[in-house]
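Engineer: sequence first, then the predicted structure:
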Amino acid sequence: MNFQVTIDGRALVGNRTGIGVHTAEIARRLPDAPLIASHAEIIDRSGLERCRFRVDPMALGVLWQQLVLPLIAKSGVLWGPHGTLPLALRIPSVATLHDFSSLTMPLRHRAKTVLSFNVFIGRSLQMATRIAAVSRAVAEEAVRWFGVARERIEIVPNGVDDFFSPAIEAGESDYVLYVGTIEPRKGLDDLLAVWDSLPQPRPRLVLCGDAGWGGVPLPNGAEVTGYVDRTKLRELYRGARAFVYPSRYEGFGIPPLEAMACGAPVIATRTGAIPEYADGAALLIDPGDRNALRTSLLHLLGDQTLRDELRNRGAERARAYSWERSAALMTQLLAEAAR
């Protein structure tokens, strides 16, 4: 690329999850080192050593985006991984859409998240030179809700890093694993109710992730690890007897893909891109269907042959979703925007 790429780096502030993972994995693979600009210090710069950073401190990220970022991004192309763009921007741009949960589930997000997205998303999609969506489901929502022309949208899916791989010597521990934000919209009330109903002796339940918006009452015996680094995360994936992702709504859903890559047998809901990458390689259920979740979990826990089959199928399927491919698609999209 012979043009400057500036990245709205707000998703990289704090622990790296979801949009932050997408931003970092693609940024590190762009042909030329991008400038990652943010309103606060980015502590975790792992994998981003060749990138350049700029911090202009401001308490509210959305104010920084609208007031300061246009003064930084004056040439080249701006990539907005959050989906929204500065309305005063005067250069070409690419906006990435991950999901519309702040629109579909506004009461399950912090108010500042809802306002920063909902107020600016419509205008951002109008002004973006090109638009990326992490799944066909999200792309169709953009077409349906905002009238975006399909030809303006390119699918740039999430991927999985080679780091997430099955153990050399396969083995499993006696726990059911969930990875993701600890909040109601992830369907944790369904998982907790089902796990609490399992006959004794039952596997341990391990919940891995940061606390999100809204409380989730935890039954006695459930273990919460908080945010863990990716070495520990890989260890948890590899050792799980079952990985369960009961989310009510996703744009993509990275954790089930990572779990599959590590050889964990997966149960997940049919939402976002999950059916696109997991159909036939995981047990899929409808969001909110506790009976189906309980039946699937009991089946999986009691059938070693099924677990082994899903471990093999999942790991093979995950290999088709590489960050290298996603970064190549984004590189092409940025170049098209710059023309």
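Structural biologist: That came in fine, so what should we check first? Numbers count the residues shown, from 1 in each chain.

Engineer: which residues in this protein form strands?
Structural biologist: For the chain, strands defined by DSSP state E occupy the ranges 5-8, 35-38, 52-55, 77-80, 93-97, 130-133, 153-155, 175-179, 204-208, 223-226, 242-245, 266-269, 283-285.

Engineer: Thr23: which of those is closest?
Structural biologist: Closest approach to Thr23 among those is made by strand 5-8 (6.7 Å; Cβ to Cβ). Any C-beta I mention is one placed from the backbone N, CA and C, and that applies to glycine too.

Engineer: and that closest one, which strands flank it?
Structural biologist: strand 35-38 (parallel), strand 77-80 (parallel) (DSSP bridges).

Engineer: switch those strands over to TSV; also include distance to Val179, mean pLDDT and mean neighbour count.
Structural biologist: Formatted as TSV, those follow (distance: least, Cβ to Cβ, whole Å; pLDDT from 0 to 100; neighbours: other Cβ atoms under 10 Å):
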stretch	distance to Val179	mean pLDDT	mean neighbour count
strand 35-38	25	98	22
strand 77-80	26	98	27
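
Engineer: as CSV, the ones you listed with distance to Asn2 would be great.
Structural biologist: Shown next, in CSV, are the strands paired with strand 5-8 (distance: least, Cβ to Cβ, whole Å):
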stretch, distance to Asn2
strand 35-38, 15
strand 77-80, 11
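
Engineer: returning to that earlier point: how about the strands of the chain in TSV, adding distance to Ala320?
Structural biologist: Converted to TSV, the strands of the chain look like this (distance: least, Cβ to Cβ, whole Å):
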stretch	distance to Ala320
strand 5-8	26
strand 35-38	28
strand 52-55	32
strand 77-80	24
strand 93-97	21
strand 130-133	18
strand 153-155	14
strand 175-179	21
strand 204-208	25
strand 223-226	29
strand 242-245	19
strand 266-269	15
strand 283-285	17
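
Engineer: pick out the shakiest of these, pLDDT-wise.
Structural biologist: Across those, strand 223-226 has the smallest mean pLDDT, namely a mean of 92.

Engineer: mind listing what it pairs with, with the direction of each?
Structural biologist: Going by DSSP bridges, the partners of strand 223-226 are strand 204-208 (parallel).

Engineer: report the buried residues of the partner strand.
Structural biologist: Within strand 204-208, the residues that qualify as buried are Leu205, Val206, Leu207, Cys208, counting by 16 or more other Cβ atoms under 10 Å.

Engineer: can you list contacts of that strand?
Structural biologist: Applying Cβ atoms under 8 Å, 6 or more residues apart in numbering, the external contacts of strand 204-208 come out as 174-180, 182, 188, 191-192, 195, 218, 221-226, 228, 233, 236, 240.
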